[in-house]
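Enquirer: Sequence and computational prediction follow.
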Amino acid sequence: MAISEQLIQATAEKLLTYASIDLPADVKRALNEAYSKEEDPAARSQMEAIFKNIELAHQKRVGLCQDTGVPLFFLKLGLRCQITGDPERALTRAVEKATREVPLRQNVIHPLTKKNSGTNTGWGIPYCHWEVVPDQDYLEITAVPKGFGSEMRAAISWVLTSEEVDRAVVKAVLDIVEDAMGEPCPPVIIGIGIGGFADSSMLNAKKALFRNPIGSHHPDPKVATLEEEIYRAVNSLGLGPIGLGGKTYCLGVHIEINGSHTAVIPISVIYQCWACRYSTARIYNDGRVAYLTHGEGDEQHG
């Protein structure tokens, strides 16, 4: 069997709906852990407002946030996976339908004329990032309605290799946090890309945001140690939820790395707000769909 364009579209529609309305379990767990640490009345009040928001979105089946974002898909293509039709056309149609039916705010515009497509598609959107996975027979789709309150605080800097790179990373993150304050809607996840090129560094930072579960560490011990150091340093600033004071500004720090030039290293930093909206599924050649973050289990399609 092969994975049909229609099945890809139907799966992506569900993923966009799940992601827009209900947070993944690891995000809710991290928020609850953050709340348990807070003692400041203002911080606890802000966290309680977040929980009420989550509850109402679930009960009323409406978006978690008024900014329903710009659609982004991370796709992993198994080399033994077989697909008929055009998967990116299927994803575009899924976005168009989700925009009408979830509904999603019509956010996508032409960057110069500001013309709104009305469908959250067009001009290269939805943005699709493909990755090849050897020896697998599935197509994995992660749907991300990426809000731009946190997106616009992304930053990149460059460090000479004559410097201590880990110290430069810590300083870069703290500078960005102190400049952003409450704008990215903390508690946030911080994604960091170190090494590679300017574009691959920022892509790594964005992919790192959706590592599951929040707070899990990179397999390289040196990177994991840096993740923990930055996590503690950011929260020690005392900015807290929504930047109004408290113990938890950051739910987790995730770093991804690439090999870099011997002379200079890019450091990219990007935020994800507390509404860490994403949903993942795998579609197998036999028609089975496994929902990894939402849903009630596998579905079988003939």
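Expert: Yes, it's here.

Enquirer: what does the host helix or strand of Glu227 contact?
Expert: Per DSSP states H and E: Glu227 is located in helix 221-235. The contact list for helix 221-235 (C-beta atoms under 8 Å, 6 or more residues apart in numbering) reads 166, 169-170, 173-174, 177, 190, 192, 215, 217-218, 247-250, 252-255, 257. In this view, the C-beta of every residue, glycine as well, is placed from N, C-alpha and C.

Enquirer: If we use 7 Å, what do you get?
Expert: Here helix 221-235 makes contact (C-beta atoms under 7 Å, 6 or more residues apart in numbering) with 166, 169-170, 173-174, 177, 190, 217-218, 247-250, 252-255, 257.

Enquirer: Filter the residues you listed down to just the buried residues.
Expert: The neighbour-count test (16 or more other C-beta atoms under 10 Å) applied to the contacts of helix 221-235 identifies 166, 169-170, 173, 177, 190, 217-218, 247-250, 252-255, 257 as buried.

Enquirer: Take those and keep only those in helices.
Expert: Judged by DSSP state H, the subset of the buried ones among the contacts of helix 221-235 located in helices is 166, 169-170, 173, 177.

Enquirer: Strands of the stretch 51-200 of the chain, start to end?
Expert: 70-78, 127-133, 138-146, 155-160, 188-194 (DSSP state E, counting those that start in this stretch).

Enquirer: hey, which of the ones you listed is tucked in deepest?
Expert: By mean neighbour count, with neighbours taken as mean count of other C-beta atoms under 10 Å, strand 188-194 ranks first of the strands of the stretch 51-200 of the chain at a mean of 26.

Enquirer: Extract the CA atoms of it and return them as CSV.
Expert: C-alpha atoms of strand 188-194 as CSV (Å, rounded to 0.1, in the frame of the first residue of the first chain):
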residue,chain,number,x,y,z
VAL,A,188,8.4,30.1,27.7
ILE,A,189,10.5,27.4,26.2
ILE,A,190,13.8,28.6,24.8
GLY,A,191,15.3,26.9,21.8
ILE,A,192,19.0,27.5,20.9
GLY,A,193,20.9,26.5,17.8
ILE,A,194,24.7,26.5,18.1
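
Enquirer: Which pLDDT value does the model give the nearest residue to Glu13 once chain neighbours are set aside?
Expert: Take Glu13 and drop its neighbours on the chain: the residue closest to it by C-beta to C-beta, 6 or more residues apart in numbering is Ala94, 4.6 Å away. At Ala94, the model reports a pLDDT of 98.

Enquirer: Pull the number of nearby residues for Ala94.
Expert: For Ala94, the count of nearby residues is 26 (other C-beta atoms under 10 Å).

Enquirer: cool, Ile125 as well?
Expert: 18.

Enquirer: residues in contact with it?
Expert: Ile125 makes contact with 70-71, 108, according to C-beta under 7 Å, 6+ apart.

Enquirer: Distance check, it against Ser200.
Expert: As judged by C-beta to C-beta, to the nearest Å, Ile125 and Ser200 stand 21 Å apart.

Enquirer: how's this structure carved up into domains?
Expert: Using automatic domain parsing, the domain ranges for the chain come out as 5-22+64-147+277-300, 149-272.

Enquirer: between the ones you listed, which gets nearest to Asp40?
Expert: Closest of the domains of the chain to Asp40 is domain 149-272, at 4.9 Å (criterion: C-beta to C-beta).

Enquirer: first to last residue in that closest one, what's the distance?
Expert: 9 Å (C-alpha to C-alpha, to the nearest Å).

Enquirer: same check, this time on stretch 115-131
Expert: OK, stretch 115-131 end separation, C-alpha to C-alpha: 31 Å.

Enquirer: what does stretch 103-123 give?
Expert: 21 Å.

Enquirer: just stretch 276-293 next, same as before
Expert: First-to-last distance for stretch 276-293 - C-alpha to C-alpha - comes to 12 Å.

Enquirer: I'd like to know how many residues surround the closest residue to Lys28 other than its chain neighbours.
Expert: Nearest residue to Lys28 in three dimensions, chain neighbours excluded: Ile54, at 7.0 Å (C-beta to C-beta, 6+ apart). Per other C-beta under 10 Å, the neighbour tally for Ile54 reads 19.

Enquirer: which ones are touching Ile54?
Expert: Per C-beta under 7 Å, 6+ apart, neighbours of Ile54: 23, 28, 64.

Enquirer: pLDDT at it, what is it?
Expert: 97.

Enquirer: Could you report the separation of it from Lys60?
Expert: 11 Å.

Enquirer: All set, thanks.
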